[in-house]
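[1] Structure of the sequence below:
(chains A, B, C and D)
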Number of protein chains: 2
Amino acid sequence: MTTRINLKQLSAHLGLTEGTVSRALNNYPDISMKTRERVQKAAQALGYKANPTARRLATGVAEAVAYIMPENGNTISEPFVASLLAGLAESLARRGWDMHVVQASPAENEEDLIKRLISSHKVSGVVLSRPHKKDARIKLLQDAKMPFVVHGRSLESSGYAWYDVDSKSAFMDAVDHLVALGHQRIGFIGAPTYHNFAQTRLDGYREAIVTNGIELDNDLVQITELTDDGGERVAHDLLDLENPPTALLCLTDTQAFGALAALHSRGLVPGKHVSVIGYDGVRFGRHTNPPLTTMAQPQAHSGRQLGDMILSIIDGDDPKKHQVLRRAELVRRKSDGPVWTENQTQSMSKWEREE
Amino acid sequence: MTTRINLKQLSAHLGLTEGTVSRALNNYPDISMKTRERVQKAAQALGYKANPTARRLATGVAEAVAYIMPENGNTISEPFVASLLAGLAESLARRGWDMHVVQASPAENEEDLIKRLISSHKVSGVVLSRPHKKDARIKLLQDAKMPFVVHGRSLESSGYAWYDVDSKSAFMDAVDHLVALGHQRIGFIGAPTYHNFAQTRLDGYREAIVTNGIELDNDLVQITELTDDGGERVAHDLLDLENPPTALLCLTDTQAFGALAALHSRGLVPGKHVSVIGYDGVRFGRHTNPPLTTMAQPQAHSGRQLGDMILSIIDGDDPKKHQVLRRAELVRRKSDGPVWTENQTQSMSKWEREE
DNA sequence: CTTGCTTTCGAAACCGCTTTCGGAAATACT
DNA sequence: AGTATTTCCGAAAGCGGTTTCGAAAGCAAG
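    Predicted structure coming up:
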């Protein structure tokens, strides 16, 4: 029972040759319908499954795709990888394919990882996330004609397949929302802009600021790491300004958590004295003090979607046909509110959210 | 450049036969040191790497291990999988092995997944997590002589390799801590006890309760899902008791977040009116209201540790030699405190202490 | 009853590497 | 010098499939 039957045994059992049985199983047209059915029935009955390794060697297709772990995948800053992996695995499993998850070793850079992946012939497709603005990995994959999809986009994204959330307009929406609440000095907590999503969101922020007729103030944008500590640190910097912001817009919820902490340590209450808005919509945000208002991205089935995309591209689809852009939406919890003015006491209730 | 050199070309280049070159590369003793070095130098120079698929077919070793995603891997309840995967991948990569991450398809149960994995011969080892008390998957792996390590333990854990945190004594410590703060009625928010870790932690709770001379009250232990909503729901149930608990001990931090929410919705302040303690030590707990006191497990290098373990077992080590138990430690933040007594203030009319 | 196509399958090469086996050359032992 | 060992490498048989090629059989047409 433990020892699976192989092709030789199956074909002996059927009185056919190995090649014939193989072709029957793979629905070659040069096998009569009658024997084709006979073979498939027998295979079913005997529990025959072709040895994947042998098939891979013979056909040259790896029947696996690799997911590249984002650089900081081991921090709190990646709350999504688990659910993304689940969806991706599910999509691939429907075809019986494997999901490798790989990661640059400490000594290795991301490009070497891609090169190694390509030349190893271990996978027939790659999904990578968090591309840089100009991402060398993408060029490598294109040159090697290795099918791939990107979770996120680089600067020049017209030529490949990607799945992304329109975080630029999300940040514009967030700014509009804050402006509608009366905020004019809105701080931006960002990340190094070689991350394209960091650039995109900053662009959204800036564009909305000028659209709303507010003057850009570079003191109000701070760059830091994608961690709560990073957010906390630069939140302090922002609040230390002579003319501090009345609202803080953060690149990620994780950073926003740090911003909340900064406010608390100063005796400021978020949503009242200073508004804080994050981005991602992580569920944890319901439990902060106060619950974090955030631009929530629809993470529902991103993994499955990415899986389906890479599969069709491997099947020959034009990658350019697979570019999907989702929208993020404002989830108002309690960390935003109208601009704080000294003599204001009762108008808060108007902004309290029910539920 | 894109087309890697294969063994035939390399051996032709060297004027040797393929078998000889292969043995030279694999350090067979029947190849003279001189030609061995010559071959390895040439391989290096020409960038030759043995085709993994071919090697796998020839040797029968898969050079890959599978990580089984826990059932609810896509929920908030699994904050660790990303960092665990990172460590595991790193450990495997040092040997050039692949990490497959697999998951039962919706239609399939966990045992079928294991069977499929075994008979597919795609991996030479398995790491699985969150075993049930009596976990059929473990028996399957043992019967098939498939090397494996378990993250956590089942009831009978003497015969295989595992990495676990001593959550029983962690919960005993937590109870002792609460008792020292004056608590006598301590609620327990748990999960279905087919999860062995749920049973273990409940055991720790119960044992410490009696050790402290407190009478067990089954009304005080509530079973629910491993989510914040689950924790919130049963926290309400506990607080609705005639004689409600003054402290809530939760199986996981995630559940504890829900418990905090339940307290808030009742106008109770955690750490003052009711103490809440979680387990896991997720970083996010620093940002709840108030910051969550928790039993923190040392998650630092669990992934790498698991990887190293499975590798040595595949190499022939006795699995029983690889059983490591780590300790969790109390991280006191702000959600615990001494028992609330009414005369500390008068405002909480509804919250009166009987007895 | 040939001739000419199709249909259907067997034979064999191949994918790229590993490993056993045996033999020639080199070295050791009497 | 002759025999017995070693040392070192070539030859070949797998590993378990896939796929091309060609031949035998079946059938229609002439």
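[2] Which strand residues bridge A:V101?
    A:Y67 (DSSP bridges).
[3] tell me, how many neighbours does it end up with?
    Using other C-beta atoms under 10 Å in any protein chain shown, A:V101 is surrounded by 24 other residues. Bear in mind the C-beta positions are built from the backbone N, C-alpha and C, glycine included.
[4] Just to check, it is in contact with A:A66?
    Yes: using C-beta atoms under 8 Å, A:V101 is in contact with A:A66, at 7.2 Å.
[5] Overlap of the contact sets of these two?
    With contacts defined as C-beta atoms under 8 Å, 6 or more residues apart in numbering or on different chains, no residue is shared by A:V101 and A:A66.
[6] the helices in the stretch 201-350 of chain A, which residues?
    A:228-239, A:253-265, A:302-314, A:348-351 (DSSP state H, counting those that start in this stretch).
[7] so which of those helices is the most packed in?
    helix A:253-265 (a mean of 26; mean count of other C-beta atoms under 10 Å in any protein chain shown).
[8] And the contacts of that one?
    Residues from elsewhere that reach helix A:253-265 (C-beta under 8 Å, 6+ apart): A:76-77, A:79, A:189, A:191, A:224, A:226-233, A:235-236, A:239, A:248, A:250, A:269-270, A:273-274, A:276-282, A:284-285, A:288-289, A:292, A:294, A:335, B:284, B:286-287.
[9] Which members of those are classed as buried?
    Among the contacts of helix A:253-265, those classed as buried by neighbour count (16 or more other C-beta atoms under 10 Å in any protein chain shown) are A:76-77, A:79, A:189, A:191, A:224, A:226-233, A:235-236, A:239, A:248, A:250, A:269-270, A:274, A:276-282, A:284-285, A:288-289, A:292, A:294, A:335, B:284, B:286-287.
[10] For A:P106, give its distance to B:G187.
    A:P106 sits 45 Å away from B:G187, going by C-beta to C-beta, to the nearest Å.
[11] Between those two, point out the one with more neighbours.
    Taking neighbours as other C-beta under 10 Å, A:P106 and B:G187 compare with B:G187 leading, 28 against 8.
[12] SS state for the more buried one?
    Recorded secondary structure, B:G187: strand (DSSP: H, G, I helix; E, B strand; the rest coil).
[13] does it have beta-bridge partners, and which?
    B:G187 has the following beta-bridge partners by DSSP bridges: B:L248.
[14] Let me see the contact set for the residue nearest in space to the middle of chain A.
    The centre of chain A sits closest to A:H151, judged by C-alpha atoms, centre = their mean, with a distance of 4.8 Å. Taking C-beta under 8 Å, 6+ apart as the contact definition, A:H151 lies against A:L84, A:V127, A:L128, A:S129, A:R130, A:W162, A:Y163, A:D164, A:S302, A:L306.
[15] can you narrow the residues you listed to ones near DNA strand C?
    Among the contacts of A:H151, not one lies near DNA strand C by C-beta under 7 Å from any atom of the strand.
[16] These in strands, which ones?
    A:V127, A:L128, A:S129, A:W162, A:Y163, A:D164 (DSSP state E).
[17] for A:N243, what are its contacts?
    A:R185.
[18] how much space between it and A:D219?
    According to C-beta to C-beta, A:N243 stands 8 Å off from A:D219.
[19] Over to A:G307?
    44 Å.
[20] Backbone dihedrals for A:G125, please?
    In terms of degrees, to the nearest 10, the main-chain angles of A:G125 are phi -170, psi 160.
[21] Find the residue closest to it in space, skipping its chain neighbours.
    A:V65 (4.0 Å; C-beta to C-beta, 6 or more residues apart in numbering or on different chains).
[22] Close to DNA strand C: what parts of chain A are there?
    A:15-20, A:30-36, A:54, A:57-58, A:60.
[23] and the residue nearest to A:G125, that's in a strand?
    Yes: secondary structure assignment places A:V65 in a strand (three-state DSSP).
[24] A:K122 is in contact with that one, correct?
    No: A:V65 lies out of contact with A:K122 (C-beta under 8 Å); the separation is 10.0 Å.
[25] overlap in contacts of the two?
    Listed contacts common to A:V65 and A:K122 are A:H100; contacts here mean C-beta under 8 Å, 6+ apart.
[26] Tell me the residues of the stretch 51-200 of chain A that contact DNA strand D?
    Proximity of the stretch 51-200 of chain A to DNA strand D, by C-beta under 7 Å from any atom of the strand, involves residues A:N51, A:A54, A:R55, A:L57, A:A58, A:T59.
[27] Intersect those with the contacts of chain B.
    Among those, the residues that sit close to chain B (C-beta under 8 Å from any C-beta of the partner chain) are A:N51, A:A54, A:L57.
[28] what stretches of chain A score poorly on pLDDT?
    A:1-2, A:72-79, A:343-355 (pLDDT under 70).
[29] Strands of that one, start to end?
    With DSSP E as the criterion, chain A has strands spanning A:64-68, A:98-102, A:125-129, A:148-151, A:161-165, A:186-190, A:221-223, A:247-250, A:275-280, A:293-296, A:323-326, A:329-331.
[30] Export those strands as TSV, with columns for distance to A:L311.
    Shown next, in TSV, are these (distance: least, C-beta to C-beta, whole Å):
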stretch	distance to A:L311
strand A:64-68	8
strand A:98-102	12
strand A:125-129	8
strand A:148-151	10
strand A:161-165	11
strand A:186-190	35
strand A:221-223	37
strand A:247-250	35
strand A:275-280	27
strand A:293-296	28
strand A:323-326	15
strand A:329-331	29
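[31] Compute the distance between A:L85 and A:L92, please.
    For A:L85, the distance to A:L92 equals 10 Å [C-beta to C-beta].
[32] so A:M172 makes contact with A:A208?
    Yes: the pair A:M172 / A:A208 is scored as a contact, 3.9 Å apart, by C-beta under 8 Å.
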